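Trainee: got a predicted model here, sequence first, then my questions.
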2 protein chains.
Amino acid sequence: MASKVTIYDIAREASVGIGTVSRVLNNHPGVTPETRKRVKDVAIRLDYQPHTYARRLARRQSETISAIIPFFTNYFFIEVLQGVQDKISQLGYDLVLYGVNNIDQVDSYISRALQRGKVDGILFFSMRLPERMVPRLKETKLPMVLVDTLSPEFDSISVANAEGAYAATTHLIELGHRSVGMVNAQLVSAPAVERLQGYKRALESHGISYSESLVKTGANNKADGFNREAGYEAIMEFINNGSEMPKAFFVSSDIQAMGVIAALSENGFRVPEDVAVVGFDDIELARHIKLTTMRQPMYQMGVLAIERLVTRMSNPDMEILHTTFSPTLIVRESCGALRRNQN
Amino acid sequence: MASKVTIYDIAREASVGIGTVSRVLNNHPGVTPETRKRVKDVAIRLDYQPHTYARRLARRQSETISAIIPFFTNYFFIEVLQGVQDKISQLGYDLVLYGVNNIDQVDSYISRALQRGKVDGILFFSMRLPERMVPRLKETKLPMVLVDTLSPEFDSISVANAEGAYAATTHLIELGHRSVGMVNAQLVSAPAVERLQGYKRALESHGISYSESLVKTGANNKADGFNREAGYEAIMEFINNGSEMPKAFFVSSDIQAMGVIAALSENGFRVPEDVAVVGFDDIELARHIKLTTMRQPMYQMGVLAIERLVTRMSNPDMEILHTTFSPTLIVRESCGALRRNQN
DNA sequence: CACTTGTTTGGAAGTGCTTCCAAAAGTTGT
DNA sequence: ACAACTTTTGGAAGCACTTCCAAACAAGTG
């Protein structure tokens, strides 16, 4: 029975008061080394385990952080989560996970995280923060950092989406393409909007005029459109329209790019010979399929998110900080650059 | 300031005792409808939020389940986790996640989960349960269910690995292959061992003799070997050995199969024309790459895992239950069956 | 109407910690 | 040896609940 040993038991066995026991257990000063050792020995002998919730109640802090994270955008978040987990357990916090499978669970998860005293901070991922929750969040003063999404009111860690899209598109243009299409996700997603902007700017700076007909978002796709099906459908729209297929595509995520490539090859277009493709994210699988893409430093973003949150917790009045990482271009085969060089 | 409203405030405002407030808030019987309404109204007016940890302390239960899950085996667990999350939040529990990036974190995470009163139950995923932890786990009587791994001492939800491997291998044999290789993960992993057995049995029942030289595990691979690199390396071993390439492979996971296919095609073997490949898991990407594979019902496994855990919690003396799902064969292009039929 | 039975209510005690304050013990200086 | 500090210690109070017991009240009975 490793069960119910409390500080009172330790106090009795060690012939000290509970205050002293508490001080020893928390490494507080003002206890003589002898007493300290005696108490520690008893604690070990009795296999004492502190009661987490009693401690949290008394200390008025929870030692936990909750993460609200879309489960439907699998491949990005899982890599960020690794960074989060490493950092968080290094700091001794607990991670309570609210995995959103369906977008309207968001409000209720935020509410749960907001329960008095429940968590010390929130990480909110990849989704648009519902406007109507902002006042409540502000009011409770709960530290929160946004990852892969933005709001002027909260700290955030994100990637320079426009810049990345600009670089990707430019890469394609510099490879000699004048007709560059884009496969985008739904514009409800902030990153999708920014990536579209970057794409447009790249065309513009190279004197190519923007044509709406070259930008497609697979219709009828679940959630935010950052998924394989959406990419597939987007290409099928070109094919079904009978409109001419661009010779190059910037695709707003790697996972969509998989669908794009599948649709292209099913319809007789070789990648990169007939159509060049550049993705975004650099998920683990991008390497496997030799996709040229914009790398987001996902693991580091996770680590930094926790660091930022902890800083904010111990320093609530700090100015709001937005950190953006610059994505880097990873050249693989799908853009055709390598083959070209070999000629 | 939505902050510090306690039941005492409500009691005062509603001119009742704290006992009554508690009864109303918890829907306990023995309060007249009028009083009940009055208290409820006050609670709403003051925007009362119960303090999670005070409640957990007093009730002596945590409303929390923790999941210890390998982050390095990405694609399987993420789908299971969706089922877990849906069921868990439907029941009103919290999920605290211990993501294992490195195998020797396991002990410390188990210890954390074991802290007195901290969680009501544990889900342990995909990893071999360390033998040395078993006595402690038994002693604390904390309900635990294993998912995708086994131990006679605890409930488990898993997949009939041997059976699945048997079916996959048999499928290949029935397609006419007499030389069927296997790419396996490290034998430290229980599923890997079972899948090897199923493979052997399939050969045996079809009168094909087992040859050790046809089974490879990529050496030098991180963690348990269920990753793309390991698959890639396994094939490279065949190539570097100069040994003859089998005409068909059963691969112990889809993610390894991706590596296998990459290695094959880099070395001039077409899939499925030259070498047929069958995987295991049916992760989302298997569809994208048209991989024939054994499907594990991952989402359902997650749901069932929570259901089992909850049952066990309310019924500690129930007999230990091992549930195995049968994987089903999903035929796509990588095994060559479809093409063959078209002839 | 007195008595029993049943329902509703208040609040003390308990949950296991931390923290603060005052008392006890120890040190130093003269 | 005593005053004046300083260090160490014990334990009450507080954290925000639940639960139990007894008191108060209401209703029913002959």
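Mentor: Cool, got the structure. Just so we're clear, the structure is a prediction, and the values are computed from it rather than from any experiment.
Trainee: contacts and neighbour counts: CA atoms only from here.
Mentor: Will do.
Trainee: can you give me the neighbour number for the spatially closest residue to A:M313 that is not a sequence neighbour?
Mentor: In this structure, A:M313 finds its nearest non-sequential neighbour in A:P143, 6.0 Å apart by C-alpha to C-alpha, 6 or more residues apart in numbering or on different chains. A count of nearby residues for A:P143, using other C-alpha atoms under 10 Å in any protein chain shown, gives 24.
Trainee: pull the contacting residues for A:P143.
Mentor: Going by C-alpha atoms under 8 Å, 6 or more residues apart in numbering or on different chains, A:P143 touches A:D120, A:G121, A:I122, A:L309, A:R312, A:M313, A:P316.
Trainee: and with 10 Å instead?
Mentor: A:P143 makes contact with A:65, A:119-123, A:137, A:154-155, A:308-316, according to C-alpha atoms under 10 Å, 6 or more residues apart in numbering or on different chains.
Trainee: for A:E266, same thing?
Mentor: Residues in contact with A:E266, defined by C-alpha under 10 Å, 6+ apart, are A:V260.
Trainee: how much space between it and chain B?
Mentor: 12 Å (C-alpha to the nearest C-alpha, to the nearest Å).
Trainee: can you classify the residue of chain A found nearest chain B as helix, strand or coil?
Mentor: Closest residue of chain A to chain B, C-alpha to the nearest C-alpha: A:V96 (4.3 Å). Of the three states, A:V96 takes strand under DSSP: H, G, I helix; E, B strand; the rest coil.
Trainee: that one and B:Q85 touch, don't they?
Mentor: No: checked against C-alpha atoms under 10 Å, the pair A:V96 and B:Q85 is beyond contact range at 11.1 Å.
Trainee: between these two, which contacts overlap?
Mentor: Counting by C-alpha under 10 Å, 6+ apart, the shared contacts of A:V96 and B:Q85 are B:D94, B:L95.
Trainee: picking that back up, let's see which of the contacts of A:P143 end up in helices.
Mentor: Per DSSP state H, helices hold the following members of the contacts of A:P143: A:L137, A:R308, A:L309, A:V310, A:T311, A:R312, A:M313.
Trainee: for those residues, pick the one with the most neighbours.
Mentor: Neighbour counts for the ones in helices among the contacts of A:P143, by other C-alpha under 10 Å, peak at A:L309, which reaches 23 neighbours.
Trainee: and what about the closest residue to it other than its chain neighbours, helix, strand or coil?
Mentor: Computed as C-alpha to C-alpha, 6+ apart, the closest residue to A:L309 that is not its neighbour in sequence is A:V145, at 6.1 Å. Three-state call for A:V145 (three-state DSSP): strand.
Trainee: tell me the contacts of A:V145?
Mentor: Contacts for A:V145 were tallied using C-alpha under 10 Å, 6+ apart; they are A:67, A:121-125, A:151, A:153-157, A:305-306, A:308-310, A:312, A:320-322.
Trainee: around the residue of the stretch 101-250 of chain A found nearest DNA strand C, how many other residues sit close by?
Mentor: For the stretch 101-250 of chain A and DNA strand C, the shortest gap (C-alpha to the nearest atom of the strand) falls at A:G117, measuring 13.4 Å. By other C-alpha under 10 Å, 24 other residues sit near A:G117.
Trainee: kindly report the same for A:N240.
Mentor: Residues near A:N240, counting by other C-alpha under 10 Å, number 8.
Trainee: and the helix or strand hosting it, what's buried?
Mentor: According to DSSP states H and E, A:N240 maps onto helix A:228-241. Buried residues in helix A:228-241, counted by 16 or more other C-alpha atoms under 10 Å in any protein chain shown: A:R228, A:E229, A:A230, A:G231, A:Y232, A:E233, A:A234, A:I235, A:M236, A:F238.
Trainee: try stretch A:322-338
Mentor: Neighbour counts using 16+ other C-alpha under 10 Å place A:322-323, A:325-337 of stretch A:322-338 among the buried residues.
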